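K.L.:
generate coordinates for the sequence data below:
(2 chains)
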Amino acid sequence: MSEDAASETDVQTSEKLVELAKRRGYFFQSSGAYGGVGGFYTFGPQGAALKGNVEDAWRDRFAVAEGNMEIDAPTIMPEPVFEASGHLDTFDDMLVDCPECGESHRADHVVEDNTEYEDAESLPIPEVEEVIAEYELICPSCSAGLAGQAVETFNLMFATNIGPGDSDPGYMRPETAQGIFVEFPRLKEYARNQLPFGVTQIGRAYRNEISPRRSIIRTREFTQAELEYFIDPEEDDPDLESVADVDVTLYPAREQNTEGSSEIETTIGEAVEAGIIGDEWVAYFLGIAKPWYESVGVDMDRFRFRQHLSGERSHYAADCWDAEGKIDGNWIELAGFANRTDYDLSKHDEYSDDRFTIFRQYDEPKTVERATVDPDMSYLGPEFGGDAQTVVDELETLAERDRSAFDGETVEVELEGETHELPVEKTGFSVDEETIAGEHITPHVIEPSFGVDRLVYTVLHHAYREDEVAGEERTYLDLEPEVAPTFVGVFPLQSDEDLEAVADEIVADLRDAGLSVTYDDSGNIGRRYRRQDEVGTPFCVTVDYETIEEEETTVTVRERDTTDQKRLPVEDLDETLAEIRDGDLEFSDI
RNA sequence: GCGCCGGUGGUCUAGUGGUAGGACAUGAGCUUCCCAAGCUCAUAGCCCGGGUUCAAUUCCCGGCCGGCGCACCA
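P.N.:
Residues are numbered from 1 along each chain as shown, chains lettered A, B, ... in the order given. Here you go, the predicted structure:
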C-alpha cells in the first residue's frame, strides 16, 4: 500500500515531541539506569495523568454511557486458555535465516510457496527442516540454498511458570480480550443471561515483539481498552439510527485495491446503506468511536477508518475496520473493530469444562412430537446377551429416523449384518409431545479494541503547536481540557509573602473543587506561563498586587491557546473554571 | 532477527589518544517583574564489557539501547 511520504515538518514534530515528552515527564524509556530495555516505556507524571484522563473518558463513553460492565482480569493465564484461543499456534512463527544474505524468512511460508504442503505451520520443526532440505528450497531474496539452516520458532507471547517448577506454564495475555472471554460463563450470569450485553476492560497486554519501534507506538507492554459486545446474531440489531448522521472518512478495501482511489467522505448511515460497511454492529461502534476520538483531541483531518484487506484479517475476524491516525505522514492503527463471530466462545466451549452459550427462549414454546423407545431389558438381555446395548442404540436411532418401522407387530434391527426381529411391545416405543422453550446459542462478539498508548501519542502529536508570543517562539500542547494532565496553574506574580499567601489559598480552593492544580513561584512570570504551555495546561491564574490592594479580590486568568487574559473575582473562580472544564462555558464569553 | 547510521550533564549539542566546552533547563539569591528579561553563584555528563596503548570518551571487537530499511505486527 502506498503511503504519503513523511513530510519534513512532521518528522521534526515527532522528534520534538519525543524530546518534550522526556523533558517534561510525559513518557520515557524504562530502566534507563540499566541501559534501557527495548519496547518498555514509563509514563511520567504528566503522561500518567493524561493517560488516566483518556482512560476515564473511554470508560465514560464505552462502559458507563453504553450500560456495559467493566471487569479487571489477571494478565497471566494458564496455557490451556491460549491453546483454546489459538494464540499458542498462530502466534508462533517459524523463522529461517539465509546463510548468504542474512535475510530472515517465515519458514512455513517458504515451504508452502514451493511445495505441495498447504499447512506447513502445523508441521513439527524437524519436519519443516527436512522438507527444506529434501526440496532444496532456496532463499526468496538471494536464492542461496536454505538446506541445513536451523528453523527457529518464535512465539510472541511472554511465557512464565505458575508456581514452582515448570509443570504449569502460563503466558502473559497478548490481548485483554481473553480475560473477558474466559470468564463468560460467569459474566453471562451477571447479565442475567440476557443478550445483548457488553463487557469492557482497560488493562495491560504483552507481546514479545521482534522489533519494537517508534517510541511508544509499538511496545512490548501496552494498554488496551477493549469492549466485547455479546449479541444474538439473529435477534439483536444495533441502534444505527443514533449514529446514522455521524460523518466519517472511510477507506474501504475496494479503494485500497484500486489504483488512484482514496478515502471517501460519507456518513455511517449512508455507508451501511451502500454496503460499504458490511456489519451493522461494527458500523454502530465506528459511529460512536469517531466523535469520541474527536472529543479527546484527535485531529479529524488526520483520522480515518480503514477496512482490513482480506489477507490481513485475523484468524477469527469476519469483517474488520481500523481507526487510524496520521503521524509523520504515516497512518497508524489506533483501534480495531471486528466481528469475531462465535470464534472465541466456541473455542472455549470446546476446550474448557464450562458452557459458553446462552439459552435463547423462543417467543412461543415449540411443541414437537418425539418418538422414543424404552426397551424392556428383561427381554433384550437374555435375548441378545452382550449385544443388548447395541440393540438399544439401534432402536433409538431407528425411532428418530423412521418411526413407521414400529408400525407393525414387530420391528427389524440390523446387528452385524444380520437382521433380527423383535416385538414392538418390548421396545417401549411411543410418540410423545415435548415442549421446547428455547435453545442454547453461542453469542457472536463485536469487538472494538483500542490501543491506549498509541492514542496518547496521537493526542500529543496532534496537539503539538508552535507559535510566537510577543516576538518570542512558543511551544504548547493544545490539549482538550478534559484530558489535560493539569487544568490550571496558579502563580504569585513575584516572590512576595503576601502574594504567595493568597495564591496558596486559591490553590487549596481550586483543589477542593476537584480541579487539577499546579503551583509555581519559581522564576519570571513569562517563564512560568511557558512551562504550563509546554505541558498543555489550559489556564493559568496569577495573583498580583491588585489582588491584595483593591477592595474586590480579583486575579488574572490567562488562556493557553490565545494567551488572552481576563480579570476575574476570586470568589467564584472555582465555579467558573469548573464550568469551562466541563464545556459549559467558553473563556471568550466571560 | 538481518542491514545501515548513531549513543557526551535533565534536554540539545561541540570536541579530543593525555578523562571535556557551550546552550537551554534546574536550584539559591538580587532586581516591585504579566508572557522563555538581566546579573551572581550552584548542581550535573563521555552507554556497558573486553582488546590495543604508558594512557581510551576518542581506535578495534562484542553487547545493550535508539532511528531508518527488510522481515514481523495473530
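K.L.:
part of a strand, is A:Cys540?
P.N.:
Yes. Applying DSSP: H, G, I helix; E, B strand; the rest coil, one finds A:Cys540 inside a strand.
K.L.:
can you read off the pLDDT for it?
P.N.:
We have a pLDDT of 94 for A:Cys540.
K.L.:
for the top strand by length along chain A, packing partners?
P.N.:
When chain A is parsed with DSSP state E, its longest strand is strand A:358-372. Secondary-structure packing of strand A:358-372 (3 or more Cβ pairs under 8 Å, 6 or more residues apart in numbering; DSSP states H and E): helix A:388-401, strand A:430-441. All C-beta spots, glycine's among them, are computed from the backbone N, C-alpha and C.
K.L.:
report how many residues lie close to A:Glu433.
P.N.:
A:Glu433 has 8 neighbouring residues, counting by other Cβ atoms under 10 Å.
K.L.:
outside of the longest strand of chain A itself, list whatever touches it.
P.N.:
For strand A:358-372, the surrounding residues in contact (Cβ atoms under 8 Å, 6 or more residues apart in numbering) are A:188, A:193, A:195, A:230, A:232, A:235, A:396, A:399-400, A:403, A:406, A:428-443.
K.L.:
most tightly surrounded among the helices and strands packed on strand A:358-372?
P.N.:
With neighbours taken as mean count of other Cβ atoms under 10 Å, these reach their highest mean count in helix A:388-401, at a mean of 16.
K.L.:
kindly export that one (C-alpha atoms) in PDB.
P.N.:
The C-alpha coordinates for helix A:388-401 follow below in PDB (Å, rounded to 0.1, in the frame of the first residue of the first chain):
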ATOM      1  CA  ALA A 388     -28.300 -55.800  24.100                       C
ATOM      2  CA  GLN A 389     -26.900 -52.300  24.500                       C
ATOM      3  CA  THR A 390     -26.100 -52.100  20.800                       C
ATOM      4  CA  VAL A 391     -29.700 -53.100  20.000                       C
ATOM      5  CA  VAL A 392     -31.000 -50.400  22.300                       C
ATOM      6  CA  ASP A 393     -28.800 -47.800  20.400                       C
ATOM      7  CA  GLU A 394     -30.100 -49.100  17.100                       C
ATOM      8  CA  LEU A 395     -33.700 -48.800  18.300                       C
ATOM      9  CA  GLU A 396     -33.200 -45.200  19.400                       C
ATOM     10  CA  THR A 397     -31.700 -44.300  16.100                       C
ATOM     11  CA  LEU A 398     -34.400 -46.000  14.300                       C
ATOM     12  CA  ALA A 399     -37.100 -44.300  16.300                       C
ATOM     13  CA  GLU A 400     -35.700 -40.900  15.400                       C
ATOM     14  CA  ARG A 401     -35.100 -41.700  11.800                       C
END
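K.L.:
by contact count, what packs against that helix?
P.N.:
strand A:358-372, helix A:377-384, strand A:410-415.
K.L.:
that one versus strand A:430-441: what angle between them?
P.N.:
Interaxial angle of helix A:388-401 relative to strand A:430-441 (axes from the mean of the first three to the mean of the last three Cα atoms, to 10 degrees): 80 degrees.
K.L.:
show me the contacts for A:Glu412.
P.N.:
Applying Cβ under 8 Å, 6+ apart, the residues contacting A:Glu412 are A:405, A:419-421.
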